[in-house]
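Chemist: what shape does this take:
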Amino acid sequence: MRVLVTGSSGYLGQHFLNELLQRPESNDIFAAYRSMDGFEDAVRSHPSVSDKKSNIHYIKLDLTSEKDVDEYFNHADSFDICFHLAAISSPKVCQQDPSVAEAANVPVYFFDKLKNTPIIALSTDQVYCGTKAPYTEDDAVGPINTYAQTKVDMEKFLLSIESTSPGSKPRVCLRSSIILGAESPFGKSHSTFLHFCKSREGVETTFYTDECRSVISVLDVCRTLSHFLNAVQKGDEVESNVYNMGGPARVSRLEMALEVANHCGFDSSVFVSAEKSSQAPEENDVPSPLDITMSSAKLEEFVGLKFRGLMEAVKKTFL
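Modeler: Residues are numbered from 1 along each chain as shown. Down below sits the predicted model:
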């Protein structure tokens, strides 16, 4: 199988790359990334890589550059599947420059090169407005910041390809909640919110009680992505669709912090609870939905998995 992974140097990209390398069969893995000093050397030198059957091909590629995309695809063979994990995922960065965010998060020219390739793309729970939780896939989207809008636009574009290009391969959009788990295996990437909570040991910190998510373990996300790879590999039917991808429970920021403190054995009495909805917004605050918890029953049924809850995610993070 020829497997293309965009955003391979990011947090999820690194974990999924590691997951692909653990598979028993031999695959050609094309790890596309835009920038990360030392990424290729970090992967090559990792103990889990040297004895694996799969081959890794590194692609330093700016998905927003038609020139870069053309130069690569003019010499590239087709792919059996693409996992599109690349994005500007910081709402603050997206809000500062919407045009750059749109170009990066909806790389239309790049997608057009993959009309004959199944695409599994990472979206976000922030497509929902946060006033009518819990959400199902049948609920209307209502993005309230630029990042969320770019993900809505990405979904619309990918799902429109099938109707405008008969015979094109399926497109699946996974609306992911906050992804939690161990640090990136191959090099420096951003840590998860759980690591931030652990770093606040002994430090007075405010955590919100009304900002809630259906947090999901990175292990479950990787297992979900692997399910789609298995399906394509076996020739099973995969239909274009949108799925919510989150854990089983409604979890607040404060509950995440308290679970980390409990597991790691430190005093949480310095943590301060507050309602975000009662705070006066600051000048440069990015609008953010409060409660975007959601049901992932549709995805769990499709992939045959039961996603683990916060307690298990914390245990797996801090082994």
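
Chemist: hey, where'd the helices end up in the stretch 51-200 of the chain?
Modeler: Applying DSSP state H, counting those that start in this stretch to the stretch 51-200 of the chain gives helices spanning 66-73, 91-96, 98-105, 108-112, 146-164, 193-199.

Chemist: so can I have TSV of those showing mean neighbour count and distance to L299?
Modeler: All C-beta spots, glycine's among them, are computed from the backbone N, C-alpha and C. Output for these, formatted as TSV (neighbours: other CB atoms under 10 Å; distance: least, CB to CB, whole Å):
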stretch	mean neighbour count	distance to L299
helix 66-73	14	30
helix 91-96	17	24
helix 98-105	18	22
helix 108-112	17	22
helix 146-164	19	15
helix 193-199	18	22
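
Chemist: between those, which has the poorest mean confidence score?
Modeler: In terms of mean pLDDT, the lowest-scoring of the helices of the stretch 51-200 of the chain is helix 146-164 (a mean of 90).

Chemist: how about the helices of the stretch 51-200 of the chain, which one is nearest D210?
Modeler: D210 lies closest to helix 193-199 among the helices of the stretch 51-200 of the chain, at 16.0 Å (CB to CB).

Chemist: tell me the contacts of the residue nearest the centre of the chain?
Modeler: Centrality entry for the chain: nearest residue to the mean C-alpha point is L122, 5.1 Å, by CA atoms, centre = their mean. Going by CB atoms under 8 Å, 6 or more residues apart in numbering, L122 touches 7, 12, 84-85, 87, 174, 176.

Chemist: taking those one by one, which sit in strands?
Modeler: 84, 174, 176 (DSSP state E).

Chemist: which residues of this protein fall in strands?
Modeler: 2-6, 28-33, 55-60, 81-84, 119-124, 171-176, 179-180, 205-208, 212-213, 216-217, 241-245, 251-252, 271-274.

Chemist: may I have the last one as CSV, with CA atoms only?
Modeler: Going back to what we said before, that points to strand 271-274. Below are the C-alpha coordinates for strand 271-274, written out as CSV (Å, rounded to 0.1, in the frame of the first residue of the first chain):
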residue,chain,number,x,y,z
PHE,A,271,-6.6,25.0,41.2
VAL,A,272,-9.3,27.6,40.9
SER,A,273,-12.7,26.8,39.3
ALA,A,274,-14.5,29.5,37.2
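
Chemist: which strands border that strand, and is each parallel or antiparallel?
Modeler: Note on strand 271-274: by DSSP bridges, its sheet partners are strand 205-208 (parallel).

Chemist: ok, now the second one?
Modeler: Each strand that strand 28-33 pairs with, and the sense of that pairing, follows from DSSP bridges: strand 2-6 (parallel), strand 55-60 (parallel).

Chemist: got these as CSV, with mean neighbour count columns?
Modeler: CSV is the format used below for the strands paired with strand 28-33 (neighbours: other CB atoms under 10 Å):
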stretch, mean neighbour count
strand 2-6, 23
strand 55-60, 15
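
Chemist: can you tell me which of the ones you listed has the worst average pLDDT?
Modeler: Across the strands paired with strand 28-33, strand 55-60 has the smallest mean pLDDT, namely a mean of 90.

Chemist: what angle separates it from helix 66-73?
Modeler: Orientation check (axes from the mean of the first three to the mean of the last three CA atoms, to 10 degrees): strand 55-60 against helix 66-73 gives 160 degrees.

Chemist: got the CA coordinates for strand 55-60 in PDB?
Modeler: This file holds the C-alpha atoms of strand 55-60, laid out as PDB (Å, rounded to 0.1, in the frame of the first residue of the first chain):
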ATOM      1  CA  ASN A  55       9.600   2.100   3.900                       C
ATOM      2  CA  ILE A  56       9.300   5.800   4.800                       C
ATOM      3  CA  HIS A  57       9.600   8.500   2.100                       C
ATOM      4  CA  TYR A  58       9.900  12.000   3.300                       C
ATOM      5  CA  ILE A  59       8.200  14.900   1.400                       C
ATOM      6  CA  LYS A  60       8.900  18.500   2.500                       C
END
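
Chemist: could you report the neighbour count for S273?
Modeler: By other CB atoms under 10 Å, 15 other residues sit near S273.

Chemist: I meant N244, not that one.
Modeler: Residues near N244, counting by other CB under 10 Å: 28.
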